[in-house]
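**Q** Sequence below, structure please.
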Amino acid sequence: MGITLEGVSLRTVTVIYLADGDLNSKVLKLGLVSKGLPVYLPKVVMGSVSNLTIVPASIPGQLVAVYDCPISPAVLRATGSASLFSILTGPGGVKVADAVNISRLSGAICQRFVLTTQTGGSPGMTMQVAGPISGGTVFRPIGGSSPPATWTPGEICNQGTQLVGYSGGAAVQEVVSANCESGWDAFCDPSCAASVGSTITILDPAVLVGG
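**A** Numbers count the residues shown, from 1 in each chain. Reported below is the predicted structural model:
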C-alpha cells in the first residue's frame, strides 16, 4: 500500500499480487483510523471514485491488481494525523493487510515510517536501513507534495519512541528523542527536536489480521 498527493486529493494505491490469477474470490476493504476509531470506507464511495487496473504478472496465469482510491485530506482535520489501511480476505477467511500512517506537519502532509533493519517489511509501514538505528520512526513529505521553505533538504526527522499504550488497534508511542539526520532524500522540519514529549499513533497491519 502506498500514498501520493495529486492536486488537493490524497490517493491511496493498493497493489495485490494474485498468484492464482483470481480476484473474484477475494474481498478488498479500505478504511481509516482517526481519533482511535477504525472506519471502513463504504463500497458505494469506493466504487464511484476509484480505479481498478489488472495487468499480467511475469509468470503466465498470474496477475497484479492495482486499486487506486482518492481520500480527502479532511481526514487530518480533527487530529492532524490518520492511518489508512487495506485488508484483503481470501477463500477460507485468510487475510493480508497493509497500512500507511500520515500526519500534517507545518502545513505539509507527511508519511510516517517505522525504521527497521529487517527485510520483508510492509512497504507502507517501514523503511529499511543498513543500521545501526538511532530512532524508531521518521516522517517525510509524501510524493506530489512540497515541504515548507523552512525545512532543511537532505535531512529527515528521526524520532526515538517508546510504547505507552494502544488506541483503536494502533500503537500510541511517546517521542523520547528527536533530531535532524543528514543523508536522506527528504526534508527535516526545524521543529523536529521540539517533538520530544509528544505522542504519535502507528497502525500495525498485523493487528488488522489478528496478529
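**Q** Could you list the domains of this protein?
**A** By the assignment in automatic domain parsing, the chain contains the domains 2-101, 103-207.
**Q** Could you tell me the end-to-end distance of the last one?
**A** Which is domain 103-207. Using CA to CA, to the nearest Å, the end-to-end distance of domain 103-207 comes out at 20 Å.
**Q** With the first one instead?
**A** Counting by CA to CA, you get 10 Å between the two ends of domain 2-101.
**Q** Mean confidence (pLDDT) on that domain, please.
**A** Domain 2-101 shows a mean pLDDT of 85.
**Q** same question, stretch 182-196
**A** With pLDDT averaged residue by residue, stretch 182-196 scores 91.
**Q** Would you mark the buried spots in it?
**A** With burial defined by 16 or more other CB atoms under 10 Å, the residues of stretch 182-196 counted as buried are 184, 186-189, 192, 195. From N, CA and C alone the C-beta is placed, and that goes for glycine too.
**Q** Kindly report the same for stretch 59-71.
**A** Within stretch 59-71, the residues that count as buried by 16+ other CB under 10 Å are 63, 65, 67, 69-71.
**Q** before we move on, what about stretch 16-34?
**A** Applying a neighbour-count criterion of 16+ other CB under 10 Å, the buried positions in stretch 16-34 are 16, 18, 23, 26, 28-30, 32-34.
**Q** In helices, which of those fall?
**A** When these are checked against helices (DSSP state H), there are no matches.
**Q** mind listing which of those residues are in strands?
**A** When strands are assigned by DSSP state E, the members of the buried residues of stretch 16-34 inside them are 16, 18, 28-30, 32-34.
**Q** Pretty sure Lys95 sits against Ala206.
**A** No - if you go by CB atoms under 8 Å, Lys95 and Ala206 don't touch, sitting 10.5 Å apart.
**Q** for the chain, what spans make up the strands?
**A** If DSSP E is used as the criterion, the strands of the chain fall at 2-6, 9-18, 27-34, 37-40, 51-56, 63-71, 81-89, 95-105, 108-116, 126-128, 137-141, 152-167, 170-188, 199-203.
**Q** gap between the nearest residue to Asp68 once chain neighbours are set aside and Val66?
**A** Spatial nearest neighbour of Asp68, chain neighbours left out: Asn51 (4.4 Å); criterion: CB to CB, 6 or more residues apart in numbering. Counting by CB to CB, to the nearest Å, the separation of Asn51 from Val66 is 8 Å.
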